[in-house]
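J.: Next comes the sequence, and after it the predicted model I'd like to discuss.
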Amino acid sequence: MVDERLTDGVRIGQLLASELSGNEGRLRSLTLADADPDVEPTPDGALAYRVVRGGENDGDLVAEAYVQPDRLRIEFVVAPDAAADAAGEADLRVRPKAVRPPRTLVFVEDGAQVKRALPAFEAVVDAIGEEQ
């Protein structure tokens, strides 16, 4: 059994970026935009990249990924309820962000949780597809 956990926010963000970029399934329409390869984590979270649907330069914003020293925070900007439900079912920590329009925050606190964040992205992609 492995005793060490990957709790480096930058590395967790890189793992999620890799999962999203290489996904040929339901998430193939998602692209990373505004990626900062030299991002330094901050306690409040530094923007590492945006996740857009469509092209990198002309896609619609889906979520933003912020790195903190010990975790990754994903802010879903569309279909926040769908993201919250899916992330909660995957046992990730979730909370609403009271802004207009509302957002859902999902916290990925361990590298092993990265794959559990993917259903939240899938739920958002499905919700966007239903709106169109």
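T.: Happy to help now that I have it.

J.: Next one: the residue nearest to Glu122 when sequence neighbours are not counted from Arg11, what distance?
T.: Closest residue to Glu122 apart from its sequence neighbours, by C-beta to C-beta, 6 or more residues apart in numbering: Arg26 at 5.0 Å. In short, each C-beta sits where N, CA and C put it, glycine included. Using C-beta to C-beta, to the nearest Å, we find Arg26 at a distance of 25 Å from Arg11.

J.: so where do the strands sit in the protein?
T.: Shown for the chain, the strands assigned by DSSP state E span residues 30-33, 46-53, 60-68, 71-76, 93-97, 103-108.

J.: which secondary element of the protein has the worst mean pLDDT?
T.: When each helix and strand of the chain is scored by mean pLDDT, DSSP states H and E, helix 114-131 comes last, with a mean of 92.

J.: Where does pLDDT dip in this protein?
T.: Applying pLDDT under 70 to the chain flags the ranges 1-4, 130-132.

J.: what sits against Val124?
T.: 62-63, 76, 78-79, 82-83, 86 (C-beta atoms under 8 Å, 6 or more residues apart in numbering).
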